[in-house]
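Enquirer: Coordinates for the following, if possible.
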Amino acid sequence: MDDDRTPNRDPGDGELERLRRENALLRLRLLRVESELATTAPLVDQVKHLGLWDFTPYGIVPDGSWLAVDRAKATALMGALAHVDHWNPWRTAIEPRPQP
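Expert: So this is what the prediction gives:
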C-alpha cells in the first residue's frame, strides 16, 4: 500500500481512540468538579438562610444575639451567592412584619 494504513485497521480507529481517551479524561474532570461543587452546598445553604436584618428603618437596636455586619460586605456576599447558586436574593419575597 502507498499510505500508512494497515489492511486490518480502519482509518477512523485512531480518531475513535483519541475521542475515547478524551472522554475518559473529561469524565474524571467532571467527577472532580462535581465533588468540589458538592462541598460548597452547605455553605451556600447557610448563606441563603442568614438572618440579615436592617434594623435602621425601625429605630431599634438589636440585642446581643445579633452580630453587626458591614452593609457593603453583606450586599457583596449576597450578590456573589446569586451568581453561585442561581438563587436571586433580591427577588425573594419579603413578608411584612406582623404588627401587634
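
Enquirer: show me where pLDDT drops low in this structure?
Expert: Applying pLDDT under 70 to the chain flags residues 1-9, 11, 85-100.

Enquirer: Let me see the domain layout of it.
Expert: Domain assignment for the chain, taken from automatic domain parsing, gives 9-40, 50-94.

Enquirer: how about a markdown table for the ones you listed, with mean neighbour count added?
Expert: (Glycine included, C-beta is placed from N, CA and C.) Compiled in a markdown table, the domains of the chain are given as follows (neighbours: other C-beta atoms under 10 Å):
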| stretch | mean neighbour count |
| --- | --- |
| domain 9-40 | 10 |
| domain 50-94 | 10 |
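
Enquirer: how about the closest residue to A74 other than its chain neighbours, what does it touch?
Expert: Computed as C-beta to C-beta, 6 or more residues apart in numbering, the closest residue to A74 that is not its neighbour in sequence is L52, at 5.7 Å. By C-beta atoms under 8 Å, 6 or more residues apart in numbering, L52 lies in contact with 69, 74, 78.
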